[in-house]
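Undergrad: coords please:
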Amino acid sequence: MKHIITATVLALTLAACAGGTTGLGYGNTGSTGNTNAASGLGKTLVQSYARNQCSVELNKRQEWRLMALAVSADKQAQWEEQICGCVSEEAPNSVTVYDLTQAAVNPQARTEIVANAVTKTVSSCLNRLVK
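TA: The predicted structure follows:
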């Protein structure tokens, strides 16, 4: 797992270097594809961890447990899938590039960064489902 994360950080770093000055906002060198590829890798990494952490975080919440008691197991599974899908899409928006590099280097930081991102997004996704 460390090799995958290290490779991801390396790819992000190389993509940022290959991007020239575009990543800093000093002009358009036509390398936005490299920047998009780097952000795509980071987004995929966070989405994967967020998806795994979502049900754990969801089951910690009292409002979720109360909602789950009121519906069938099938409906509960459907709602959990909707919420965790939302979380995996939204969580990368609350993680910075700095956070991604910390996550790649330090497994303890990775857990904390993803947990924070998931905690933030579970609330908003749960509220969307209720509305």
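Undergrad: for this structure, what spans make up the strands?
TA: Along the chain, no segments are classed as strands by DSSP state E.
Undergrad: which stretches in it count as helices?
TA: Taking DSSP state H to define them, one finds helices in the chain at 2-18, 32-60, 62-69, 73-90, 97-105, 107-130.
Undergrad: what's the least confident stretch among the ones you listed?
TA: Per-stretch averages of pLDDT across these put helix 2-18 at the bottom, with a mean of 47.
Undergrad: measure residue 107 to residue 54 for me?
TA: From residue 107 over to residue 54 the distance is 19 Å, taken as Cβ to Cβ, to the nearest Å. Every residue, glycine included, has its C-beta placed from N, CA and C.
Undergrad: quick one: which of these two has more around it?
TA: Taking other Cβ atoms under 10 Å, residue 107 and residue 54 do not tie; residue 54 has more neighbours (24 against 12).
Undergrad: what's the separation between that one and residue 131?
TA: The value you get for residue 54 to residue 131, if Cβ to Cβ is used, is 19 Å.
Undergrad: same check on residue 108?
TA: The spacing between residue 108 and residue 131, counted by Cβ to Cβ, is 36 Å.
Undergrad: do the same with residue 115
TA: With distances defined as Cβ to Cβ, the gap from residue 115 to residue 131 amounts to 25 Å.
Undergrad: cool, residue 103 as well?
TA: Counting by Cβ to Cβ, the gap from residue 103 to residue 131 is 32 Å.
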